[in-house]
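**Student:** Here is a sequence with its predicted model. Questions after.
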2 protein chains.
Amino acid sequence: MNGNSKVTIKDVARQAGVSTQTVSRVINDRPDVAMETRERVKAIIQKLGYHPSMLARGLIQGRSCTLGVVTAGLKYIGPSRTLNGITSEAEAHGYALLLEELPHYTSTEIKPIMERLLSHRVDGILWAVPEIGDNRAWLEGQLSEVPVPIVFLTMQPRPGIESLAIDNHAGAKMAIQHLLEKGHRSIAHLAGPQEWWEARERLRGWQDALREAGLDPIVCVEGNWSSSSGEQAALKLLENHHVDAVFSANDQMALSLLLVAQRRGMRIPNDLAVAGFDDLAESAYFYPPLTTIHQDQFALGSRSVNRLVDIINIYQEGKVPEPMVEMILPELVVRSTT
Amino acid sequence: MNGNSKVTIKDVARQAGVSTQTVSRVINDRPDVAMETRERVKAIIQKLGYHPSMLARGLIQGRSCTLGVVTAGLKYIGPSRTLNGITSEAEAHGYALLLEELPHYTSTEIKPIMERLLSHRVDGILWAVPEIGDNRAWLEGQLSEVPVPIVFLTMQPRPGIESLAIDNHAGAKMAIQHLLEKGHRSIAHLAGPQEWWEARERLRGWQDALREAGLDPIVCVEGNWSSSSGEQAALKLLENHHVDAVFSANDQMALSLLLVAQRRGMRIPNDLAVAGFDDLAESAYFYPPLTTIHQDQFALGSRSVNRLVDIINIYQEGKVPEPMVEMILPELVVRSTT
DNA sequence: CTGAAAGCGCTAACAC
DNA sequence: GTGTTAGCGCTTTCAG
C-alpha cells in the first residue's frame, strides 16, 4: 500500500488546466466537451490514478448506487448460493452491495441492522433471511418506517409486500407424485423444523399430493435439517412404522436416512424409496445417488436484484410500483433412490 | 416504503432549537453538551427517525468505516464460511462490508473491482480469493497502486505481503500420519487440481509425510474437486493400482471414492482406508462416516478482519505495520473410514 | 456549553 | 464548449 491516496477532481482540473466542472463532464461521459479537452483530461486521470468519490457523488445525488443485503446462516450452502446470484446481478446493474449477516435466523434485533444500512444511504434492501417463527413480526410496525424499497426473499407471500421465493409446496408435490408413479402408496415424510415456513410448505405439499391421490398423510417425523437430527428421526420412523417410501424435507436428512435404512439391511430403492429436497452438489454421489428436488437459489438471488432495481427506477420516475409476489418453480431430479 | 426519507441534521437542529454543531456533538457522544440539551436533541432524533449520513461523515473524515471484501466461488461452501467469519468480526468492529465477487476464480480483471471499491472509499480490502494459476500475477505491478491496506487469504505466503491461510501442508501430513499409525503403507493420493495452491500444498504434505516414514509417494491421480471428477479418478486409481489407503484432497472426491470402492466390493476401512479434507457437514453421515481434516474457515475470515482493522489503526496513528503471515492449523477428525 | 464560518469532493444550474 | 456559483450533510476549527 502506498499509491495516490487522495487525488481529487481539483487536482485533475488543475493539471489539465480546466475547471472541475469539465473534469466532471468527462468522467460522466457528458457530450458537451471538446474532443481534445476530453482526451487531455482522461490522460491526466490515468496518470494521477484518480477515482471519483462515490461518497461525494452520492451525497449530492441522494443515491449511493449501493444495495443493502441482509442474510443469515452463511455457514450453510443455501444462503450463499442466493448471495452468488445477488452479487452477479448487482454487478450487472452497476450496484455495489453492503452486506449484513444476522447473528441468527430468528434475530429480532433488526433495528441496528437497518440503521447501519440507512446510514450508508443504500438505495434499496434485499431481505434474504428465511421466514422462521415470528422473525417477520417487525413487518407490522417498522416496515413503514423504512425509507427505501425492500424486497423479501423466502417468505410467505403477504399482500402489498414485494417477495420472491422458491415454490416449496409445488416442489414437494412433485416429489410425492413421482413416488406415487413409482407405485409407492405408503409414503412417510421426514419433515424439517416446523417453525420454518419452507418446512411447513414442504409438509403441506406432501399432504396435499397424498390426499389428491386418495391417500392419508399419516407417518411424519420432524428433524432440524441436520444430518444428525435426520438420523434420530430416521431411526424413530423405521422402527415404528412400515413404509415403502420417504420424502425427506432436505438432502442432508435424506443422507442419514439412507445410512440408517441400509444399516438395518434395507435395500434402496427396493425396500425403501427415498426422495430429498435441495439437490446438493454431493447428492448425486450419495450411496445410492439421491433422487431430489432441485431449487435454483442463484436465480432467486439474481431475480430479486432485478426486481429491486426495477422498483428503485420506478420510484425514481416518481411513480409507485405495484407490489409483486414471485414463486420460482423447482425441478425433479431422478436418480437411484427411487 | 415511505418513512422519513431525508431527515437531515438541520431538521433536527431546527426542531430542537439548537445549532447543527450541537446535534453533531450529541450524535457523536461528545462530552461538552448540557444534559438537558442532550436529552431534548435525542428525543427529536428519535421522533424524526434521523440517521446520520455516513456518506457525509465519510467525505469529511476521509474514511467510510467500510471494508471491501473480494470473494469468488460463493456457490461452494468454503468461501461462504469464510465470509461468515468476516461478517461476524466486521460487525464487532463497527465496519460495514462492501462485497464483490469475481466472475471466476482466475479472473484477471481486477482493475474494475478495485476501482469500484476505491470509489466507495473503503478503508481496507480483504482479498478472499484462493490462489490459482497466476491469478496473483497482478500483485507485481498493481499492488503498489492500491492506496489502502489489503490482507490476502488463502495464498502462498510472500515476503512483505499480509496474508492468512489454512496450513494445508500440515493438515495433509496429519492425515497421512494417521493412516501410517493405522498400519497402512501403500497410501495413494487423490489430488486436487494442481493449479490450486491449496491442492499443491496437500499433495506436498502427502509426499513429505510418506518420505519421512521412509516410503515413496508414487500413486497419485488428479481430480478437480468435484464428486464427478473424483469418480473418474477413483476408477483409474482402483483399476490400475493396489493400495490399502487413499488420502483424498477433499471430502467431495472422497465421497465418490467410497462409492466406487464399495461398488467394486471393497469393504471400508478393511480393504481400503480413506481420509478426506474439509470436514463438510455431511461427511459425518457418509457411508461410512468419513475420517477427514477439519479446517476452520470461519476463523480464517474473522482473523483476517482483525488483522486488517489492526493495520488500518496502525496507519491511522501514522505508523507502518510489520507485514505478517499467519497459518491456521487444521485438525484431524477420526471417523469410520480409517 | 453553544454557535458561526468554512470546507470535505463532487454535481446542478446557470452564465458566458 | 467551458467556467462560476452554490450546496449536498456533515464535522472541524475557532469565537463567544
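**Tutor:** In hand now; what should we look at?
**Student:** where in chain A is pLDDT low?
**Tutor:** Scanning chain A for pLDDT under 70 picks out the ranges A:1-5.
**Student:** most centrally placed residue in it?
**Tutor:** The C-alpha lying nearest the average C-alpha coordinate of chain A belongs to A:Thr82 (C-alpha atoms, centre = their mean; 3.6 Å).
**Student:** What are the buried residues along whichever strand or helix holds that residue?
**Tutor:** Assigning secondary structure by DSSP states H and E places A:Thr82 in helix A:77-92. Residues of helix A:77-92 classed as buried under the neighbour-count rule (16 or more other C-beta atoms under 10 Å in any protein chain shown) are A:77-91. No exception for glycine: its C-beta is placed from N, CA and C like everyone else's.
**Student:** and if you look at stretch A:129-143?
**Tutor:** Here stretch A:129-143 shows A:Val129, A:Pro130, A:Glu131, A:Ile132, A:Asn135, A:Arg136, A:Leu139, A:Leu143 as buried, counting by 16+ other C-beta under 10 Å.
**Student:** what's next to that stretch, contact-wise?
**Tutor:** A:70-73, A:102, A:105-108, A:110-111, A:114, A:150, A:152-156, A:158, A:161, A:193, A:195-198, B:1 (C-beta atoms under 8 Å, 6 or more residues apart in numbering or on different chains).
**Student:** So which of those are in strands?
**Tutor:** The strands, defined by DSSP state E, take in A:Val70, A:Thr71, A:Ala72, A:Leu102, A:Ile150, A:Phe152, A:Leu153 from the contacts of stretch A:129-143.
**Student:** doesn't A:Pro79 make contact with the fourth one?
**Tutor:** No - at 10.3 Å, A:Leu102 and A:Pro79 do not qualify as touching, with contact defined as C-beta atoms under 8 Å.
**Student:** For stretch A:304-319, C-alpha coordinates in CSV please.
**Tutor:** C-alpha atoms of stretch A:304-319 as CSV (Å, rounded to 0.1, in the frame of the first residue of the first chain):
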residue,chain,number,x,y,z
SER,A,304,-34.6,-10.4,-6.6
VAL,A,305,-31.9,-7.9,-7.6
ASN,A,306,-33.7,-7.3,-10.8
ARG,A,307,-36.9,-6.6,-9.1
LEU,A,308,-35.4,-4.3,-6.6
VAL,A,309,-33.6,-2.3,-9.3
ASP,A,310,-36.9,-2.0,-11.2
ILE,A,311,-38.6,-0.7,-8.1
ILE,A,312,-35.9,1.8,-7.5
ASN,A,313,-36.2,3.1,-11.0
ILE,A,314,-39.9,3.3,-10.8
TYR,A,315,-39.7,5.4,-7.7
GLN,A,316,-37.0,7.5,-9.4
GLU,A,317,-39.6,8.4,-12.1
GLY,A,318,-41.9,9.5,-9.4
LYS,A,319,-44.3,6.6,-9.8
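**Student:** That stretch close to DNA strand C?
**Tutor:** No - in terms of C-beta under 7 Å from any atom of the strand, no part of stretch A:304-319 sits within range of DNA strand C; the closest distance is 12.6 Å.
**Student:** How far away from the center of its chain is that stretch?
**Tutor:** 19 Å (C-alpha atoms, centre = their mean, to the nearest Å).
**Student:** ditto for stretch A:228-239
**Tutor:** The answer for stretch A:228-239 is 29 Å, by C-alpha atoms, centre = their mean.
**Student:** Just the CA trace of that stretch, in CSV.
**Tutor:** Taking Å, rounded to 0.1, in the frame of the first residue of the first chain, the C-alpha atoms of stretch A:228-239 are listed here in CSV:
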residue,chain,number,x,y,z
SER,A,228,-27.7,-35.8,12.9
SER,A,229,-31.3,-34.9,13.6
GLY,A,230,-32.2,-36.9,10.4
GLU,A,231,-30.5,-39.9,11.9
GLN,A,232,-32.6,-39.7,15.1
ALA,A,233,-35.8,-39.1,13.1
ALA,A,234,-35.0,-41.9,10.6
LEU,A,235,-34.5,-44.4,13.5
LYS,A,236,-37.8,-43.4,15.0
LEU,A,237,-39.5,-43.7,11.7
LEU,A,238,-38.2,-47.0,10.5
GLU,A,239,-38.5,-48.6,14.0
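**Student:** buried residues in stretch A:46-55?
**Tutor:** Neighbour-count burial for stretch A:46-55 [16+ other C-beta under 10 Å]: A:Tyr50, A:His51, A:Pro52, A:Ser53, A:Met54, A:Leu55.
**Student:** is it anywhere near chain B?
**Tutor:** Yes - Stretch A:46-55 comes into contact with chain B (C-beta under 8 Å from any C-beta of the partner chain), by way of A:Gly49, A:His51, A:Pro52, A:Ser53, A:Met54, A:Leu55.
**Student:** would you turn these into JSON lines with distance to A:Ile125 and secondary structure?
**Tutor:** What follows is the residues of stretch A:46-55 next to chain B, written out as JSON lines (distance: C-beta to C-beta, whole Å; DSSP: H, G, I helix; E, B strand; the rest coil):
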{"residue": "A:Gly49", "distance to A:Ile125": "33", "secondary structure": "coil"}
{"residue": "A:His51", "distance to A:Ile125": "26", "secondary structure": "coil"}
{"residue": "A:Pro52", "distance to A:Ile125": "25", "secondary structure": "coil"}
{"residue": "A:Ser53", "distance to A:Ile125": "23", "secondary structure": "coil"}
{"residue": "A:Met54", "distance to A:Ile125": "18", "secondary structure": "helix"}
{"residue": "A:Leu55", "distance to A:Ile125": "20", "secondary structure": "helix"}
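**Student:** Quick check: the farthest pair among those residues?
**Tutor:** A:Gly49 and A:Leu55 (17.6 Å; C-beta to C-beta).
**Student:** Could you count how many residues lie near the residue of the stretch 51-200 of chain A found nearest DNA strand D?
**Tutor:** Nearest residue of the stretch 51-200 of chain A to DNA strand D (C-beta to the nearest atom of the strand) works out as A:Ile60 at 3.5 Å. Neighbour count for A:Ile60, taken as other C-beta atoms under 10 Å in any protein chain shown: 9.
**Student:** Now the common contact residues for A:Leu102 and A:Pro79.
**Tutor:** Joint contacts of A:Leu102 and A:Pro79 (C-beta under 8 Å, 6+ apart) are A:Thr71, A:Ala72.
**Student:** Can you give the contact residues for stretch A:222-240?
**Tutor:** Under C-beta under 8 Å, 6+ apart, the answer for stretch A:222-240 is A:188, A:190-194, A:219, A:221, A:243, A:246, A:248-250, A:252-257, A:259-261, A:264, A:266, A:272, B:281-282, B:284-285.
**Student:** in it, what counts as buried?
**Tutor:** Applying 16+ other C-beta under 10 Å to stretch A:222-240 flags A:222-223, A:225-227, A:229-235, A:237-238 as buried.
**Student:** got it, and stretch A:144-155?
**Tutor:** A:Val146, A:Pro147, A:Val148, A:Pro149, A:Ile150, A:Val151, A:Phe152, A:Leu153, A:Thr154, A:Met155.
**Student:** what sits against whichever residue of the stretch 51-200 of chain A sits closest to DNA strand C?
**Tutor:** Here the residue of the stretch 51-200 of chain A nearest DNA strand C is A:Ala56; by C-beta to the nearest atom of the strand that distance is 3.3 Å. By C-beta under 8 Å, 6+ apart, the contact set of A:Ala56 is B:Leu59.
**Student:** what's the helix or strand for it?
**Tutor:** helix A:54-61.
**Student:** by how many degrees do that helix and helix B:54-61 diverge?
**Tutor:** With axes from the mean of the first three to the mean of the last three C-alpha atoms, to 10 degrees defining the directions, helix A:54-61 sits at 120 degrees from helix B:54-61.
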